[in-house]
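Chemist: Test case, fold it:
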Amino acid sequence: MANNLLKVNPFRWSLLIAVGVFINLHRVIMNYWLGIDLVISAIDSAVHTILLAGAVALVAQTLAFYRPMKGKYSFVAIFTGAVSLVWAGVVICILRSIYSDNLLYVQWLSDTTPIRFALGWTVITGTGFIAFFTYEMQEQQEALARKEAAEKLAREAELYKLRQQLQPHFLFNSLNSINALVSIRPEEAREMIQKLSDFLRGTLKKEDQLWIPLKEELQYLRLYLDIEKVRFRHRLTTDIVEEDGMQHMQIPPMLLQPVVENAIKFGLYDTTEAININIRASQENGLLKVSVSNPFDPALQHQPSLGTGFGLNSIRRRLYLLFARQDLLETHIDGQLFTTIIKVPQLHDKSSSDR
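Modeler: Predicted structure coming up:
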């Protein structure tokens with residue numbers, strides 16, 4: 001429901017000021033220009049203007065609570081016209097009853113009735129349409145705010161769902177690896193359990209954060225890689241390079257881990273050779289740019305460049321929800337090197353995901 005104009009201080013003060021101005025102007029015209037008695041002029045102007053203000057208030061109050069879905073403009077025109085007729089009739093009846101013995105004034109009152117009605121109709125109808133458009137704008141703004149709030153909640157819910165889906169995806173792989181290590185390398189299994197516990201404890205703390213420092217994200221990425229290195233031992237090595245001047249860069253949490261998991265999958269699962277995964281963070285035109293490169297065997301990988309796996313799709317979706325852009329995730333093949341590039345715009349308000 002629109003905010004009633006009668007409850008808005010600027011409108012109320014404007015109405016009171018207008019009443020005072022109209023009463024005095026009406027009185028001056030009648031007394032000084034038309035030569036009508038001062039007392040009669042004062043009473044006439046008071047009755048005329050106060051009832052006019054009441055009619056304006058009635059119109060504003062009615063339109064705040066009722067505006068038909070169809071024929072809105074016709075309704076306002078007919079309603080304000082009817083109120084103007086009633087107002088003019090009530091004013092004439094009251095003034096006639098007060099000065100019924102003053103035939104000269106009563107005759108003058110009859111002669112000025114069309115002018116009075118025209119003036120009242122102009123004020124009442126004009127105010128009615130102003131109130132109507134004000135209420136319509138208020139409702140449109142409220143509807144837009146509700147829509148934006150609903151869309152934001154939907155985006156946050158989807159982002160949360162994507163983060164929650166990533167946890168089991170990684171957790172199942174780790175638990176399977178721990179299960180395989182328990183009997184043959186129990187010390188490494190215990191080490192992996194400890195690292196997994198530290199990793200999950202850290203990620204739980206980040207569940208409600210939309211942004212974290214790049215340094216913190218890389219710290220948890222190293223912890224994740226330590227877990228994977230327990231699984232793959234000497235077969236997996238990594239290089240993480242962070243260029244200078246990256247201290248203030250921020251990134252959505254858990255954005256890089258699926259990319260690295262994807263790199264491990266493409267690089268290690270179909271080969272027995274050792275591989276090195278290179279991770280590099282840099283700046284490019286105000287964007288945080290993170291590239292993840294891994295070797296792969298084209299004969300064993302069918303469509304690595306398409307990024308059809310859950311990990312890359314989830315990242316692409318998260319980036320779109322956060323920035324409404326489809327160009328922030330790229331994949332390239334250079335010989336036997338597969339590279340994923342993520343670009344993260346740096347927002348001024350890190351608590352907002354609306355840009």
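
Chemist: Following element in sequence after the longest helix anywhere in the chain, please.
Modeler: Of all the elements of type helix in the chain, the one with the most residues (DSSP state H) is helix 113-184. Sequence-wise, the next helix or strand downstream of helix 113-184 (DSSP states H and E) is helix 186-205.

Chemist: Now do that next one: which elements does it pack against?
Modeler: With contacts taken as 3 or more Cβ pairs under 8 Å, 6 or more residues apart in numbering; DSSP states H and E, helix 186-205 sits against helix 113-184, helix 214-232. Every residue, glycine included, has its C-beta placed from N, CA and C.

Chemist: Tell me if I'm right that Ala42 and His26 touch.
Modeler: No - at 9.2 Å, Ala42 does not count as touching His26 under the criterion of Cβ atoms under 8 Å.

Chemist: what's the model's confidence in the longest helix of the chain, averaged?
Modeler: Across helix 113-184, the average pLDDT comes to 79.

Chemist: between that helix and helix 186-205, how big is the angle?
Modeler: Helix 113-184 runs at 170 degrees relative to helix 186-205, counting by axes from the mean of the first three to the mean of the last three Cα atoms, to 10 degrees.

Chemist: What is helix 113-184 packed up against?
Modeler: For helix 113-184, the elements it packs on are helix 38-65, helix 72-98, helix 186-205, helix 214-232, helix 257-268, helix 310-323, judged by 3+ Cβ pairs under 8 Å, 6+ apart.

Chemist: For the last one, name the packing helices and strands.
Modeler: Meaning helix 310-323. helix 113-184, helix 257-268, strand 329-334, strand 337-345.

Chemist: Would you tell me which of these gets closest to Leu6?
Modeler: Closest approach to Leu6 among those is made by helix 113-184 (9.6 Å; Cβ to Cβ).

Chemist: how far out from the middle of the chain is the closest one?
Modeler: Distance of helix 113-184 from the chain centroid (Cα atoms, centre = their mean, to the nearest Å) equals 6 Å.

Chemist: Stretch 238-247 too?
Modeler: How far stretch 238-247 lies from its chain's middle: 34 Å, per Cα atoms, centre = their mean.

Chemist: Spit out the contact partners of the closest residue to Ser177 other than its chain neighbours.
Modeler: Spatially, and ignoring its direct neighbours in sequence, Ser177 is nearest to Arg231 (4.3 Å; Cβ to Cβ, 6 or more residues apart in numbering). For Arg231, the contact set (Cβ atoms under 8 Å, 6 or more residues apart in numbering) comprises 174, 177, 181, 192.

Chemist: Kindly indicate the member of the residues you listed with the most neighbours.
Modeler: Within those, neighbour counts (other Cβ atoms under 10 Å) peak at Met192, which reaches 23 neighbours.

Chemist: Redo the helices and strands packed on helix 186-205 as TSV? Include distance to Val290.
Modeler: Output for the helices and strands packed on helix 186-205, formatted as TSV (distance: least, Cβ to Cβ, whole Å):
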stretch	distance to Val290
helix 113-184	17
helix 214-232	8
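
Chemist: Tell me how many other residues crowd Ser41.
Modeler: Ser41 has 19 neighbours, counted by other Cβ under 10 Å.

Chemist: just checking, it touches Trp33?
Modeler: No - the criterion here is Cβ under 8 Å, and Ser41 misses it with Trp33 at 10.1 Å.

Chemist: hang on, the earlier thing: gap between the residue nearest to Ser177 and Asp198?
Modeler: Arg231 sits 16 Å away from Asp198, going by Cβ to Cβ, to the nearest Å.
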